[in-house]
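> From the sequence below, what's the structure:
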Amino acid sequence: MATLFGVLIRRSLAVARTHNQEKKEMNRKNCTRENLKLYIRILALAAMVTISAVSLAQTDTKVFAYFANNTFVSENYDHTNVTHVWAGLSDPNVASAEIMRELSDAKSRGVKAIVSVESFLFDVGSGSVSDCPFRLRANAANLWSAFVDELLARQFLVPGDPSNSTVLAFYPVDEPELCGLKDQNGQAHPAILNAVSTIKNNPATANVIS
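Numbers count the residues shown, from 1 in each chain. Okay, here's the model as predicted:
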């Protein structure tokens, strides 16, 4: 009996060691995947932030944030000062509602926001990235005006007072060269220039980085 009991104990310990090793390996892989995802997100944000070197020099703004940070502000606001709000290529009303929710969360935690605004400026068919090429919306100015009015009403944007604005910058379009908006003759694509003009032509957003 004692011998059998000893065998069972040894087998149990061996199973436990194997289980612990498998668990450690799984945790290591999960950690590696999460670190890789985090690294990719940081690289993506570094690539997409459109604040120019001149603007940074003028405002002495230092930015640390995560790309497409929707719903994650509560998890990383303690070591960031900016969040990137991306509503995808959705219907303008859907995009506006999501952006307002994210800005409300950011404001409550003292975090500024870079806001992607493709939905108000570009027509992309049904809203899928596969619906290339992008083209400027015929009613972009009206959509932009309505969006800005809501930002103003909720005080997420305070013209001439960036310190009290939640919105730090607008990001007009992500990876335009992949959807027919490559530079032409050394200049930005006309649709991008028109989109930026739509932002700049609104008095409330004329001086917001975009």
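> What segments of this structure are helices?
Under the criterion DSSP state H, the chain contains helices at 2-48, 53-59, 73-76, 92-108, 118-121, 140-153, 190-200.
> Output the last one as CSV, restricted to C-alpha atoms.
These are the backbone C-alpha positions of helix 190-200, laid out as CSV (Å, rounded to 0.1, in the frame of the first residue of the first chain):
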residue,chain,number,x,y,z
PRO,A,190,-6.9,66.9,-54.2
ALA,A,191,-9.5,65.0,-52.1
ILE,A,192,-7.2,65.3,-49.0
LEU,A,193,-6.5,69.0,-49.6
ASN,A,194,-10.3,69.6,-49.9
ALA,A,195,-10.9,67.6,-46.7
VAL,A,196,-8.3,69.7,-44.8
SER,A,197,-9.8,72.8,-46.3
THR,A,198,-13.3,71.7,-45.0
ILE,A,199,-11.8,71.6,-41.5
LYS,A,200,-9.9,74.9,-41.8
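> Buried residues in that helix, which are they?
Across helix 190-200, burial judged by 16 or more other Cβ atoms under 10 Å covers Ala191, Ile192, Asn194, Ala195, Val196, Thr198, Ile199. (Each C-beta comes from the backbone N, C-alpha and C, glycine too.)
> got the contact list for the third one?
Residues touching Asn194, when contacts are defined by Cβ atoms under 8 Å, 6 or more residues apart in numbering, comprise Leu136, Ala140.
> What's the separation between it and Arg137?
Distance of Asn194 to Arg137, computed by Cβ to Cβ, to the nearest Å: 10 Å.
> The first one now?
With the distance defined as Cβ to Cβ, Ala191 ends up 10 Å from Arg137.
> just the second one next, same as before
Look at Ile192 and Arg137: by Cβ to Cβ, they are 13 Å apart.
> now Ser96
14 Å.
> where do the contact lists of the two overlap?
Joint contacts of Ser96 and Arg137 (Cβ under 8 Å, 6+ apart) are Phe120.
> contacting residues around Asn207?
With Cβ under 8 Å, 6+ apart, Asn207 has these contacts: Pro159, Gly160.
> can you rerun that using 10 Å?
Pro159, Gly160, Pro162, Lys200 (Cβ atoms under 10 Å, 6 or more residues apart in numbering).
> OK, contacts around His79?
Neighbours of His79 in contact, by Cβ under 10 Å, 6+ apart: Phe64.
> at 6 Å instead, please
Residues near His79 by Cβ atoms under 6 Å, 6 or more residues apart in numbering: none.
> Show the pLDDT at it.
Listed pLDDT for His79 reads 93.
> gap between it and Ala141?
His79 is 38 Å from Ala141, by Cβ to Cβ.
> Looking at the buried residues of helix 190-200, which is nearest Ala206?
Nearest to Ala206 among those, counting by Cβ to Cβ, is Ile199 at 7.9 Å.
> hang on, the closest one packs against Ser210?
Yes. Contact criterion Cβ atoms under 6 Å: Ile199 and Ser210 qualify, at 4.8 Å.
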